[in-house]
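Novice: The following comprises the amino acid sequence and a computationally predicted model.
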Amino acid sequence: MSRYEKRRGGGGRTGNGILAICLTLFIFSFSVVLVLNSRWLYYLDITLLGIEKSSGMPVAEIRANYDRLIDYNQFWYRGTLVFPTLKMSEHGAIHFAQVKRIFDVIEVGCIVTGVFSLAGIISKHRRRQYGYLKIAGVLAITIPAVLGILAALDWQKFFIRFHRIFFHNNYWLFDPDTDPVINILPENYFMHCAILILALIAAGAIVCLRMYRRRIRRQ
């Protein structure tokens, strides 16, 4: 916290805390949304993970079904999920609908926290209050560090617990005979997504901390 902010008293500290939480939520949600729309990662994994061979499907068909799933998970999309070439069970449809609701909340949250963060940053910049950057940086670097350690220790256990927290049923345990989409969504792909999300959050935290240091040095 800068000397100017200390002179401002508790109001500045409270405002910094609220803005820091809002900015941290934006960093998290933006990272998730960015990875959700990083189709290049999945296209790369088709080759790296040998999805074409393991699924017995040509690359063009794999990409078409994956693209449909990503389009479905956009918050502006309203309609049912129908894969171009893959069948889907009732339980599978319910699970994907639950996944979409989660992504809808994250995507809308990204927009809302982004707008409030921008407004708060402009206001704080005018008042020369930069403590929120330090708080947001610490929050954003601590959480992915803890999650990253847990995931690295036992990815499969972490993966299972993640699903049990967010889904109150076992519909995410797909049967390849009734929901062949699972054949093109290997567990390691989700691990790669998690790694990229955590890396983006860490990058956002580093940016916040560096900006804080630069501003304080100038003051």
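Specialist: Thanks, I have the structure now.
Novice: quick one: pLDDT of residue 107?
Specialist: At residue 107 the predicted local distance difference test score is 97.
Novice: for the one 5 residues further on, same thing?
Specialist: Reported pLDDT at residue 112 in the predicted model: 97.
Novice: Please apply the same query to the one 5 residues further on.
Specialist: Predicted confidence (pLDDT) at residue 117: the value is 96.
Novice: Just the element for it, please.
Specialist: Applying DSSP states H and E as the criterion places residue 117 in helix 90-127.
Novice: Show me how far that helix is from its chain's centre.
Specialist: In this view, helix 90-127 has its centroid 10 Å away from the chain centroid, taken as C-alpha atoms, centre = their mean, to the nearest Å.
Novice: Remind me what the very next helix or strand once past it packs against, helices and strands.
Specialist: Once the chain leaves helix 90-127, the next helix or strand it forms, by DSSP H and E, is helix 131-153. If you count contacts as 3 or more C-beta pairs under 8 Å, 6 or more residues apart in numbering; DSSP states H and E, helix 131-153 packs onto helix 10-36, helix 90-127, helix 187-218. For every residue, glycine as well, the C-beta is placed using N, CA and C.
Novice: Flag every buried residue along helix 131-153.
Specialist: Of the residues in helix 131-153, 131-141, 143-144, 147-148, 151 count as buried by neighbour count, 16 or more other C-beta atoms under 10 Å.
Novice: Could you figure out how far that helix is turned away from helix 90-127?
Specialist: Between the direction of helix 131-153 and that of helix 90-127, the angle (axes from the mean of the first three to the mean of the last three C-alpha atoms, to 10 degrees) works out to 150 degrees.
Novice: ok so, going back, comparing the helices and strands packed on helix 131-153, which comes out most buried?
Specialist: Comparing the helices and strands packed on helix 131-153 by mean neighbour count (mean count of other C-beta atoms under 10 Å), helix 10-36 ranks first with a mean of 19.
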